[in-house]
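J.: coordinates only, sequence not included:
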């Protein structure tokens, strides 16, 4: 009797129930409902909404099922391949018919060649909101086969950087660290997945990455941070950045905070940003550096603008304001006439054509560049998460030093802003960096300060220190409340 009543429920009720099930369990829950209540009108599209494939056989079975059904292929919104050994050609063919995907997760194992991943990414997917690529060039046995073959996945990132402008908020590129047991037993070094990191610069500056807010980039023991923050147009909307396992130096953190003005969470698990044996005051200097990241950004922008003005000052001045015109070109001044008697054969005229005369602008010494300043913004960083590798100091002391350094840096920031306010009242041109920085060519990305309220930012005066979490990726350790690890767990549905 109870099952007969369940069979009478409308399909909308089952859809409402299944919508409350987590995405990674929805497929199995739908399948269980159809088996437990075979006569119930359970909507079958929930069976295809979120696909999780964990065996090579399931990949071929799914492809054989939906390759002839455009309707079922259109139901798939999330696709996750979570097996390292698979026929990559079937995966390419399967993804080619799944055209309405919003989330893609791929385990890229030794069976994948760069050409396979390039084929998957060469065609833009306008509705894609989440892309996760996890690389492991070996499974059970470590091998240098990909390295000796020269098979690197730079072309895949190059293909992704060619996508047109659309919303791709979340991107994850992770190379699994080498198993320490394999490395010690066989003296095996970390395999290379990417050869040139210039492609990372092209990727973060690409049109499809303009609106990206979450980036997880893990390439073990490789220094990738400079390829991100040295590019003027790199990810202006980035809010969360995870560079765990990468080689990140002290100065790299400063460059990252200075470049990404909207960055709120920075995760650096296993990066060893401090020395192996932390010195007294090191975390205090680190906190001060983090607080003054926007000051570095303003000073760097001032240097670029000054250099641009010096190279283009001749075009910014008028001829009556220190610039004169003089002829130039291939015209020769001729030989100096010596005093005395000239020879009888010396010609007094020349039959050669006179060379063309070109007029150029010559800048006089009294030309000056107008004074200007760039106003540093309030710090946007809200959390710093890393791994504590030093056991000779307790976490409370480290957090206290970090807090002291942060407060000292904020005090210097407020002093700088007060001085610029006085300069602005005295007629000096003061500008601030807008969210769309562009190529930072000349005045591009700079806006004039037109109100005194910009100098009296309450968020800058009373800016709290970022949450400092030292638990790393260890789930058994208590994390600091509001840390970046918690924010990342809400974005990425994995535990890496």
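T.: Here it is on my side, so go on. The structure presented is a predicted model; accordingly, all values stated were derived computationally and were not measured.
J.: could you pull out the helices for the stretch 201-350 of the chain?
T.: 226-229, 250-259, 282-291, 293-316 (DSSP state H, counting those that start in this stretch).
J.: tell me which strands and helices the lengthiest helix in the chain is in contact with?
T.: As assigned by DSSP state H, the longest helix anywhere in the chain is helix 395-425. The contact analysis (3 or more C-beta pairs under 8 Å, 6 or more residues apart in numbering; DSSP states H and E) places helix 395-425 against helix 282-291, helix 293-316, strand 372-375, strand 429-433, helix 458-461, strand 467-469. From N, CA and C alone the C-beta is placed, and that goes for glycine too.
J.: which stretch in these has the least confidence?
T.: Of all those, mean pLDDT reaches its minimum on helix 458-461 (a mean of 66).
J.: What's the mean pLDDT across the longest helix of the chain?
T.: Averaged across helix 395-425, pLDDT comes to 93.
J.: from here on, count from 113
T.: Sounds good: first residue 113 from here, last item helix 507-537.
J.: Let me know the angle separating it from helix 405-428.
T.: Angle of helix 507-537 versus helix 405-428, following axes from the mean of the first three to the mean of the last three C-alpha atoms, to 10 degrees, is 30 degrees.
J.: Just want the angle from helix 507-537 to helix 394-403.
T.: Using the same axes, to 10 degrees: helix 507-537 against helix 394-403 is 30 degrees.
J.: will you turn the helices of the stretch 313-462 of the chain into JSON lines that also has mean neighbour count and distance to residue 188?
T.: Output for these, formatted as JSON lines (neighbours: other C-beta atoms under 10 Å; distance: least, C-beta to C-beta, whole Å):
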{"stretch": "helix 338-341", "mean neighbour count": "21", "distance to residue 188": "33"}
{"stretch": "helix 362-371", "mean neighbour count": "20", "distance to residue 188": "36"}
{"stretch": "helix 394-403", "mean neighbour count": "21", "distance to residue 188": "43"}
{"stretch": "helix 405-428", "mean neighbour count": "16", "distance to residue 188": "42"}
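J.: Give me the angle between the longest helix of the chain and strand 541-545.
T.: With the same axes, to 10 degrees applied, the angle from helix 507-537 to strand 541-545 works out at 140 degrees.
J.: Centre of the chain to helix 507-537, how far?
T.: 27 Å (C-alpha atoms, centre = their mean, to the nearest Å).
J.: ok, now stretch 488-501?
T.: 16 Å.
J.: My guess is residue 221 contacts residue 194. True?
T.: No. Contact criterion C-beta atoms under 8 Å: residue 221 and residue 194 do not qualify, at 10.7 Å.
J.: Between the two, which is the more surrounded one?
T.: Neighbours were tallied for residue 221 and for residue 194 using other C-beta atoms under 10 Å; the higher tally belongs to residue 221 (18 against 15).
J.: quick one on the thing from earlier: dump the helices of the stretch 313-462 of the chain to CSV, plus distance to residue 127.
T.: Conversion of those to CSV gives the following (distance: least, C-beta to C-beta, whole Å):
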stretch, distance to residue 127
helix 338-341, 42
helix 362-371, 43
helix 394-403, 47
helix 405-428, 47
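J.: I'd like to know which of these is closest to residue 305.
T.: Ranking the helices of the stretch 313-462 of the chain by proximity to residue 305 (C-beta to C-beta) places helix 338-341 first, at 14.8 Å.
J.: what pLDDT, on average, does the closest one get?
T.: Across helix 338-341, the average pLDDT comes to 94.
J.: Any chance you could list what contacts it?
T.: The contact list for helix 338-341 (C-beta atoms under 8 Å, 6 or more residues apart in numbering) reads 309-310, 312-313, 316, 329, 346-347, 364, 367-368, 370-372.
J.: That'll do, ta.
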